[in-house]
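Engineer: Predicted structure and sequence below. I'll ask about it afterward.
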Amino acid sequence: MNRRQALKVLGGAAAFAGSSTVLGRAAFAQTPAFSLPPLGYAYEALEPHIDTATMNFHHRNHHAAFIGNLNTLAARNPDIAARPPEEVVSNLQAVPEGIRTAVRNNMGGHWNHTFFWDLMTPGGPRTPVGDLKDAIDGAFGGFDQMKAALKQAAVGRFGSGWAWLAVKDKRLTVFNTPGQDTPHMDPNGARPVIGIDVWEHAYYLRHQYRRGDYVDAWWNVVNWTKAADSFRRAVA
Ligand code: MN
């Protein structure tokens, strides 16, 4: 190879390196795999039961952190963005072991919070409706008894987690989960109907250590139309 040919090869390599940098920037500028779902209502809409500051931090900081972490994970593991979050959390064994805990925490957090925002509303019926009402009466003896059982599950969760009303083994039942685990992670694959976030960030600004007071207030914002839809799908 003479000098002129060598320069030509180098030039080609430089041009290729340049174009791959451009491609890299283009890929980086693409829409991220995960994005923060919008609330269906204003941050102040659930006052006085759930305060504006809590809704703001909870949605724009806590949930957004899960989204940021998922996008970082998806940049190296695009498979986690190829299926709906519900499928991913339902089958964590399919996630590579090296990222499984991170996916469990962050996809779980993303799924739980997306479910939670939709489960709250400033309007609508204030008590269970339709088939869900009948199922609650049948399983617990009444709405008040179900509320008491869920409150016990919420207050009884040591540290951070969630309390759930879910369909498990074809029966309505109440239980809690640690961290950001979702009901789908239950070995028997529970299907959630309602769920309440009992991490301190969900209530501390308004209620401080009084988790039970937060649970009592939360009943005023439950979206029973959404809960009835989830129940219908859970038993279908
Ligand atoms: Mn939360």
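Structural biologist: Everything's here; your move. Residues are numbered from 1 along each chain as shown.

Engineer: Find the nearest non-adjacent residue to Val235, please.
Structural biologist: Val167 (5.8 Å; CB to CB, 6 or more residues apart in numbering). Quick note: C-beta positions are derived from backbone N, CA and C, even for glycine.

Engineer: name the element that neighbour belongs to?
Structural biologist: Using DSSP states H and E, the element containing Val167 is strand 161-168.

Engineer: May I have the phi/psi pair for the residue in the chain that the ion sits nearest to?
Structural biologist: Residue nearest to the ion within the chain (CB to the ion): Asp197, separated by 4.2 Å. When quoted as degrees, to the nearest 10, the phi and psi of Asp197 stand at phi -70, psi 120.

Engineer: Just list the residues touching it, thanks.
Structural biologist: His58, Asn112, His113, Phe116, Trp162 (CB atoms under 8 Å, 6 or more residues apart in numbering).

Engineer: again, but for Asn220
Structural biologist: Each residue near Asn220 by CB under 8 Å, 6+ apart is listed here: His49, Arg126.

Engineer: Grab the nearest non-local neighbour of Lys168.
Structural biologist: Excluding the flanking residues, the one nearest Lys168 by CB to CB, 6+ apart is Ala190, at 4.1 Å.

Engineer: Regarding the one you found, what are the backbone dihedral angles?
Structural biologist: phi -70, psi 150.

Engineer: My guess is it contacts Asn176. True?
Structural biologist: No - distance between Ala190 and Asn176: 11.5 Å, which falls outside the contact criterion (CB atoms under 8 Å).

Engineer: Name the residues contacting each of the two.
Structural biologist: By CB under 8 Å, 6+ apart, the residues touching both Ala190 and Asn176 are Trp164.

Engineer: hmm, back to that, go ahead and confirm the residue nearest to Val235 touches Arg232.
Structural biologist: No - the pair Val167 / Arg232 is not scored as a contact, 10.3 Å apart, by CB under 8 Å.

Engineer: And the two? Which one has more around it.
Structural biologist: Comparing Val167 with Arg232 by neighbour count (other CB atoms under 10 Å), the higher total belongs to Val167, at 21 against 13.

Engineer: pLDDT score assigned to the more buried one?
Structural biologist: Looking at Val167, its pLDDT stands at 97.

Engineer: what do you get for the one 10 residues further on?
Structural biologist: At Thr177 the predicted local confidence, pLDDT, stands at 96.

Engineer: which residues does it contact?
Structural biologist: Thr177 neighbours (CB under 8 Å, 6+ apart): Arg157, Gly161, Trp162, Trp164, Pro183, Met185, Asp186.

Engineer: 6 Å instead, please
Structural biologist: Gly161, Trp162 (CB atoms under 6 Å, 6 or more residues apart in numbering).

Engineer: Just give me how far the host helix or strand of it sits from the chain centre.
Structural biologist: Here Thr177 sits within strand 171-178, counting by DSSP H and E. Taking CA atoms, centre = their mean, to the nearest Å, one finds strand 171-178 lying 16 Å from the centre of the chain it belongs to.

Engineer: For that strand, buried residues please.
Structural biologist: Leu172, Thr173, Val174, Phe175, Asn176, Thr177 (16 or more other CB atoms under 10 Å).

Engineer: No further queries at this time; thank you.
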